[in-house]
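Student: What would the 3D arrangement of this be:
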Amino acid sequence: MQTSQSTTSPSCATAPSDVADGRVTVRQAVLQLLRDFGMTTIFGNPGSTELSLFRDFPADFRYVLGLQESVVVGMADGYAQATRNAAFVNLHSAVGVGHAMGNIFTAYKNRTPLVITAGQQARSILPFDPFLFSAQATELPKPYVKWSVEPARAEDVPLAIARAYYLAMQQPRGPVLVSVPADDWARLCEPVQPRTVSTESRPQPEVLQAIGDALDGAARPALVVGAAVDRDGAWEQTLQLAQRHNAAVWAAPMSGRCGFPEDHPLFAGFLPAHREQIVSLLAGHDLVFALGAPAFTYHVEGAGPHLRPGSRLVQLIDDPTIAAWAPLGTAAVGGIRLGLLDLLARPAPPRREPPAPRAPRPRAQPSSPMSAAYVLQTLAEVRAPDSIIVEEAPSARPIMHGYLPILRSETFYTMCSGGLGYSLPASIGVALAKPGSKVIGLIGDGSSLYSIQALWNAAQLQLPITFIILKNRRYAALQDFAPTFGFGSGDKLEGSELPGIDFVALARGQGCDAVNVHEPARLEQTLREALAAPRPILVEVDIA
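Tutor: This next block holds a predicted model:
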């Protein structure tokens, strides 16, 4: 395989040491590796077994404390995605990893590179099942890490951290975990020099040729674009390929990133996570190209074919596991951007007519209480096109697809996992990584409560994030989904009501400015003022 992108380091110097033979402490060796890898921000919630790492904390590092470990990992995930580099996470032993597992699962599904260290009790007392130790430290995060290890010797910890970084950054990217006993940090070891390790592979030319031939020969091709497009920096190449072939472009089901401008004439809409509906929506296409996306993500069981008879499927994906379970078609495995560059290098295809443009949505009208559509339509009209939406409002997402278009690369983030509690802290990580950009956290009231402590981080860091809480006082996504499982219109769904929560008070109690808006006449001005604020502010919007 040909390879392209690789991890590089600006410096191979080692940390200073007064040890005559050139050895340094494990702590010194690891901190220098983190410098070399560009990871001088540490996200964590430390416990007793991690304290040795933080002795004489270096001035060129930044420690971002989260008040709960799921918040820690969510912030690190947003930061890693926005910087396109692995983020360093420090958790506490078994209980800290346990608290973090929801967002470790999301990082795994997001393909986010994270180097996670977890504390462990001192080696000398591990045989006695000491307090706060992790009995199976490497097994606890599985299967939702690419690799986990507790080094056999303290001297091997820096090598394990280096290996973890290279693995986290190799496509498909993802989280890794290194368990470090408390007494390892002060042990002496040889310094570890950073290396250049390839992180991206080029898809097999013969398979790409078959995909290119299929595209050239199709009468009505469609692209189904997934999260790996924007994750791999392939937005422009995807746009060029769609325009070259006049192909309709659909967004893949449950995609955590946006890979195509949603105001473009070729944009056809969003595929649901239902087999029969996908078949129906793609019925007019004789070739479907799943680009940086699974083929396909389903939420409920279905029946029948995965595509209509006579339609062909091809796929370009960075994850060989996804390619392996695709139910049909030809799949090329490798970097999305590199694969697209090779497809674009082919001779120009025959000219074909563009597909019919997507029908516009009717304008949402003001009402009291307001509809989610009206709120999102107003937000779309007042926000800057390059502002960044970090979203976790599952019941409003289908409405967002119609009324809050994403227009530019790297301006939309959400979770690919479906697990709640990600986007509120992730918005903080994105804002830390992109200090010149306006970040908008668009969160449902139920979703926000999984990680509401992240508002404290926004206040402490004085990040100019606008948090918009869509307050419908219920787990609306569950209620909306209930008919799929046989609930009738009059049936009550237990455990789905959320009355009596004051998000303005919750925000102010953690140091954030906050305001409530419940009348449409006040919405536009309130949003404009919030988006212009130089500090974090929460806007609680009452919706129907």
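
Student: okay, CA-based contacts and neighbour counts for the rest of this
Tutor: OK.

Student: Pass me the low-pLDDT residue ranges in the chain, would you?
Tutor: Along the chain, segments meeting pLDDT under 70 span 1-20, 481.

Student: what's the domain layout of it?
Tutor: 6-198, 205-344, 372-542 (automatic domain parsing).

Student: could I get those domains as JSON lines with distance to Pro357 and mean neighbour count?
Tutor: As requested, these are exported to JSON lines (distance: least, CA to CA, whole Å; neighbours: other CA atoms under 10 Å):
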{"stretch": "domain 6-198", "distance to Pro357": "31", "mean neighbour count": "21"}
{"stretch": "domain 205-344", "distance to Pro357": "6", "mean neighbour count": "20"}
{"stretch": "domain 372-542", "distance to Pro357": "14", "mean neighbour count": "19"}
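
Student: and those domains as a markdown table, adding distance to Glu353?
Tutor: Formatted as a markdown table, the domains of the chain follow (distance: least, CA to CA, whole Å):
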| stretch | distance to Glu353 |
| --- | --- |
| domain 6-198 | 36 |
| domain 205-344 | 7 |
| domain 372-542 | 24 |
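
Student: Ala364 is nearest to which of those domains?
Tutor: Each of these has some distance to Ala364 by CA to CA; the shortest is domain 372-542, at 5.0 Å.

Student: How far does that closest one sit from its chain's centre?
Tutor: Put simply, domain 372-542 sits 16 Å off its chain's centre (CA atoms, centre = their mean, to the nearest Å).

Student: ranges for the helices of the stretch 1-150 of the chain?
Tutor: Assigned by DSSP state H, counting those that start in this stretch, the stretch 1-150 of the chain shows helices spanning 26-36, 69-83, 93-110.

Student: can you redo the ones you listed as CSV with distance to Gly174?
Tutor: CSV is the format used below for these (distance: least, CA to CA, whole Å):
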stretch, distance to Gly174
helix 26-36, 17
helix 69-83, 10
helix 93-110, 5
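
Student: Confirm Ile443 sits in a strand?
Tutor: Yes: under DSSP: H, G, I helix; E, B strand; the rest coil, Ile443 falls within a strand.

Student: For it, give its distance to Leu449.
Tutor: 10 Å (CA to CA, to the nearest Å).

Student: Relative to Pro350, which of the domains of the chain is closest?
Tutor: When those are ranked by proximity to Pro350 (CA to CA), domain 205-344 comes first, at 6.7 Å.

Student: and that closest one, how far apart are its ends?
Tutor: 13 Å.

Student: How are the strands of the stretch 1-150 of the chain distributed by residue range?
Tutor: Along the stretch 1-150 of the chain, counting by DSSP state E, counting those that start in this stretch, strands occupy 6-7, 24-25, 41-44, 62-65, 87-91, 114-120, 148-149.

Student: Nearest approach to Glu190 belongs to which of those?
Tutor: strand 24-25 (6.4 Å).

Student: The closest one pairs with which strands, and in what direction?
Tutor: Strand pairing for strand 24-25, determined by DSSP bridges: strand 188-189 (antiparallel).

Student: and the gap between the spatially most central residue of the chain and Arg522?
Tutor: The centroid of the chain falls nearest to Asn110 when counting by CA atoms, centre = their mean (4.4 Å). Distance of Asn110 to Arg522, computed by CA to CA: 37 Å.

Student: likewise Ala530?
Tutor: 12 Å.

Student: Show me where the stretch 201-350 of the chain has its strands.
Tutor: Counting by DSSP E, counting those that start in this stretch, the strands of the stretch 201-350 of the chain are 221-225, 248-251, 267-270, 287-291, 312-317, 330-333.

Student: So for Gln479, which of those strands sits nearest?
Tutor: strand 267-270 (21.5 Å).

Student: chain center to that closest one, what's the gap?
Tutor: On CA atoms, centre = their mean, the centre of strand 267-270 falls 21 Å from that of its chain.

Student: Stretch 173-182 now?
Tutor: 19 Å.
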